[in-house]
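Engineer: got a sequence here, can you model it:
(chains A and B, ligands or ions: 2)
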Amino acid sequence: MERFAHLLDRLIYTRSRNDKIALVAAYLQTTPDPDRGWALAALTSGLDFPAVKASTIREVVATRVDAVLYSLSRDFVGDTAETASLIWPRQPTDLPPPTVAEAVEVMAGMSRSTVMAELSRLLDRLEPDGRFALIKMATGAMRTGLSGRLARTAFAQAFGLDVEEVEEHWHGVKPPYASLFAWATSPEGSAPVADPFQFKPFMLAHSLEGEEQLDLADFAVEWKWDGIRIQLIGDGETTRLFSRGGEEISGAFPEIASAYRFRGVMDGELLVRGDLQGGEEGGAASFNALQQRLGRKKVTAAMIDEFPAFVRLYDLLIDGGEDLRGHPWSVRRARLEAALDSLPPDRFDISQLIGATDWAELIQLRDDARAQAYEGLMFKRRDSVYSPGRKTGLWYKWKRQPLTADCVLMYAQRGSGKRSSYYSDFTFGCWTAPPGDGGELLPVAKAYFGFTDEELKWLDSFVRRHTTNRFGPVREVEKTLVIEIAFDSIHLSKRHKSGLAMRFPRIARIRQDKPAGEANLIADLMAFVS
Amino acid sequence: MSSGFGWLRPEKQGIYLPTVDAWIDPSIAVARALVTHGHSDHARGGHCHVVATAPTLAIMALRYGETPAAQAVDYGETTELGDGISATYLPAGHVLGSAQILLERRGERVVITGDYKRRPDPTCPLFVPTPCDIFITEATFGLPVFVHPPIGQELDKLLDALAERPDRCVLVGAYALGKAQRIIAELRVRGFADTIYLHGAMERMCALYEAHGVPLGPLALVADADLDDLKGKLVICPPSALGDRWTRRLPNPLQAFASGWMRVRQRGVQRGIELPLVISDHADWEELTATIVEVAPQETWITHGREDALVHWCSMRQIRARALELVGYDDEDEM
Ligand SMILES: [Zn+2]
Ligand SMILES: [Zn+2]
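Structural biologist: Residues are numbered from 1 along each chain as shown, chains lettered A, B, ... in the order given. Ligands and ions are numbered 1, 2, ... in the order given. Next up, the predicted model:
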């Protein structure tokens, strides 16, 4: 547990992704089974201990600490787990600190009637850092910025494996991932036999930059649909849906799961019905409509009626028990077209190929994409095998031109790593009304890239010279600098005071020529909401 | 609760002795000030007459220029203030020259701790617990979550970080008065003989410490060093220089911060600290409470810090305690 606590502590203080990967990899290399597997699960929130509630921690501390002293401390520290770990008065014990595996076992076995006493006994065996790790693990709130992808990358790095190979096998195994570690660590180890009906890592596309000219004869062209990428897995009995990150989302789209009566694995775009993205021959709504369905664990019949979902299919990975991923795209496409007949057309259709033969035509299509709510165009090499991750030369995405808005710099925060001495994370606002009419600025975007090194230096020095206020690490600046922000799209959001959230905002230009009063109004941005 | 003896009362600007018109650690310029130590929330400029230890006077002279009438006292030395009131300066263990002030009048005893800690420190003598009627204490770390680990444990973290990264430097933010010199002296005690590089703002205070008999070993200024000289080295700067443009002259610095506040993770994470070092020159919760028990005063007054928890702790033990609402004590040395 102490080594795990130490790892957790260092992850909290480490901001660089590569450093985080190196820390986790080193831990995995040097920690025995099954501790490392449990630790990995804990870091990626793969553990759940129903007997331990958020309130349990407070109650356990209350058995030993005066309520007033606890609440004053909690107010100062700001985090229950940390307060509890620091304030816990240990009672002497002869027992050594528990291993991660032992802690997991004890916590998994706790019931509502035993949780207080057993948790206290575990806490007594640990120092503050260990107690912090234990409590974070118990309540499932690690918040180390460690995604599943990053953990798998660390796993691959630790054992000299290809991350896509790790992805391939990851989703079929459960914590503490014994078979995975056995495979990774034995010299002649063979991979665990992959279940054809488990999540497969997605094949991803590179961005097509500038005037890069592909030979169009080699590529099939499709629209880039503005929905969410999903994988459908049917084993003949049940169907499961997975998002790009490998999260199961079947519960949120029951109408899709029940309509997919196919034994095999397909790749496609989840959309809701509408009159854009395909128009009369079965169109889809913009991303905004789909958002009404996302992020909900339970879905009502009314929601399904109002925002009916469907999947626009574009690849077939497993057909029956046969793995097609080693076949060229053109073969998989033909098999997909044949398989389509067995699926109900109101829930499934196919991503039509675009018959454009020259770039002039494609450029025109891309320019018109926004009006039809397409995200852009996709180029897929006809002979490309389905290879997980982002391989060069196979698939490309060509996004529609971004939207832009003139915004006013409001706040800045220092970056991390090489940027730790630069104010490089910015918050921008637009006006509620013209400032002459009493309008004020509300934040509409945060952006931390899009600028050159020279521009970063200039922005950093602007922030330092025009600071009006400091809130911890954040500086408020004079509201005088206009920046042109480019963004892919903008959406309604209840979480933001302006009521808006931008997708993919970045700094396009510093507009020293423009007075702040002439920056855009929130109302101008509202007009972009599609 | 009494407001003290007739000859001593708390005012917003400090502890006041009305019969002799003298103040202890006043936050405004006064005619006569008794100063516990050189941190700017205790030692202000502009007083006419200052009574303090010689190092504290030297620190004040460095920061504010010479005081018109500076009266140096040794630890244990008693000074008559008039009206039968005497002041004795006793070690507080906080920073070089730091003192508690024992005030006595006709058998009534008051101790003002200024800032203090109970752990050994190679730069100043150990705190001397002194029985008294009224104990006027600080409470900077007056919450039970603050338990400072042994300094050796924190310095090991620092030395490990240095060894781990020969291509980078480790940049430690530490207060220019006290913390920086204590860390250097503690490292020297542990046999660390390598040159330690300083931000320019540290230079004069380090020289002052050495002039007062605290050897700090080989020191050099960052300004005089090449980028390559600094690889694998320890660099010390004031906390305000962490993440500042100044750091761009350093080889990919790993940012550390030596402070009692580093006990709380979010404090370090917010500032972009990669290596938190929980090193404090203040009493932690256990020292604060144990010292009150040991000194066993009739009353405890709390000057500054997180006083609510300490007052509550006293009330649970039937110890009379009150929080003074002093203004201007802002802990330059710890926030
Ligand atoms: Zn001080
Ligand atoms: Zn102080």
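Engineer: what about residue B:126, how many residues nearby?
Structural biologist: Residue neighbour count, defined by other Cβ atoms under 10 Å in any protein chain shown, stands at 13 for residue B:126. To be clear about C-beta, it is placed using only N, CA and C from the backbone, and glycine gets the same treatment.
Engineer: can you tell me the element the residue of the stretch 151-300 of chain B found nearest ligand 2 falls in?
Structural biologist: When scored by Cβ to the ion, the stretch 151-300 of chain B has residue B:282 as its residue closest to ligand 2, at 7.7 Å. Secondary structure assigned from DSSP states H and E places residue B:282 in neither a helix nor a strand.
Engineer: same thing with residue A:135?
Structural biologist: Remark: residue A:135 resides in helix A:128-139, with elements defined by DSSP H and E.
Engineer: can you give me how far the helix or strand following that helix is from the chain middle?
Structural biologist: The helix or strand immediately downstream of helix A:128-139 is helix A:148-158, counting by DSSP H and E. Centroid displacement of helix A:148-158 relative to its chain, using Cα atoms, centre = their mean, to the nearest Å, is 15 Å.
Engineer: which strands or helices does helix A:148-158 pack on?
Structural biologist: helix A:17-30, helix A:35-43, helix A:163-170, helix A:178-185 (3 or more Cβ pairs under 8 Å, 6 or more residues apart in numbering or on different chains; DSSP states H and E).
Engineer: which residues are in contact with the second one?
Structural biologist: Taking contacts as Cβ atoms under 8 Å, 6 or more residues apart in numbering or on different chains, the residues outside helix A:35-43 that touch it are A:3-4, A:7-8, A:11, A:24, A:27-28, A:31, A:46-47, A:99-101, A:104, A:136-137, A:142, A:144, A:146, A:151, A:155, A:175-178, A:180-181.
Engineer: with stretch A:48-58 instead?
Structural biologist: Residues from elsewhere that reach stretch A:48-58 (Cβ under 8 Å, 6+ apart): A:70, A:80-81, A:84, A:107-108, A:110-112, A:114-116, A:119, A:135, A:138-140.
Engineer: and residue B:144, what does it touch?
Structural biologist: With contact taken as Cβ under 8 Å, 6+ apart, residue B:144 is in contact with A:65, A:69, A:73, A:86, A:87, B:285, B:309.
Engineer: for the chain, where's the lowest mean pLDDT among helices and strands?
Structural biologist: In the absence of a named chain, chain A is used. Each helix and strand of chain A was given a mean pLDDT (mean pLDDT, DSSP states H and E); the minimum falls on helix A:287-291 at a mean of 79.
Engineer: other chain: chain B
Structural biologist: Using mean pLDDT, DSSP H and E, helix B:265-270 stands out as the lowest-scoring helix or strand of chain B, at a mean of 88.
Engineer: what separates that one from the chain centre, distance-wise?
Structural biologist: Averaging C-alpha coordinates over helix B:265-270 and over its chain gives two centres that are 22 Å apart (Cα atoms, centre = their mean).
Engineer: spatially nearest residue to the spatially most central residue of chain A (excluding sequence neighbours)?
Structural biologist: Among the residues of chain A, residue A:245 comes closest to the average C-alpha position under Cα atoms, centre = their mean, at 6.5 Å. What sits nearest to residue A:245 in space, not counting adjacent residues and going by Cβ to Cβ, 6 or more residues apart in numbering or on different chains, is residue A:148, at 6.5 Å.
Engineer: what about that neighbour, how many neighbours?
Structural biologist: 18.
Engineer: coming back round to it: list every C-alpha atom in the least confident helix or strand of chain A, with coordinates, as PDB.
Structural biologist: Below are the C-alpha coordinates for helix A:287-291, written out as PDB (Å, rounded to 0.1, in the frame of the first residue of the first chain):
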ATOM      1  CA  PHE A 287     -24.600  17.100 -32.500                       C
ATOM      2  CA  ASN A 288     -26.700  19.300 -30.300                       C
ATOM      3  CA  ALA A 289     -29.700  17.000 -30.500                       C
ATOM      4  CA  LEU A 290     -27.600  14.000 -29.800                       C
ATOM      5  CA  GLN A 291     -26.300  15.700 -26.700                       C
END
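Engineer: who are the contact partners of whichever residue of the stretch 1-150 of chain A sits closest to ligand 1?
Structural biologist: Closest approach of the stretch 1-150 of chain A to ligand 1 (Cβ to the ion) occurs at residue A:76, with a separation of 19.8 Å. Residue A:76 sits next to B:143, B:145, B:264, B:306 when contact means Cβ under 8 Å, 6+ apart.
Engineer: contact residues of the stretch 51-200 of chain B facing chain A?
Structural biologist: B:143, B:144, B:145, B:146, B:147 (Cβ under 8 Å from any Cβ of the partner chain).
Engineer: wait, I meant the stretch 201-335 of chain B
Structural biologist: Applying the criterion Cβ under 8 Å from any Cβ, the portion of the stretch 201-335 of chain B that neighbours chain A consists of B:243-248, B:252, B:255, B:263-266, B:268-276, B:306, B:308-309, B:312-313, B:316.
Engineer: same thing but at 6 Å, please
Structural biologist: Within the stretch 201-335 of chain B, the positions near chain A by Cβ under 6 Å from any Cβ of the partner chain are B:243, B:245, B:247-248, B:264-266, B:270-272, B:274, B:308-309, B:312.
Engineer: OK, contacts around residue 239?
Structural biologist: Picking chain A for this. With contacts defined as Cβ atoms under 6 Å, 6 or more residues apart in numbering or on different chains, residue A:239 is in contact with A:257, A:260.
Engineer: chain B is the one I meant
Structural biologist: Listed by Cβ under 6 Å, 6+ apart, the contact set of residue B:239 reads residue B:173.
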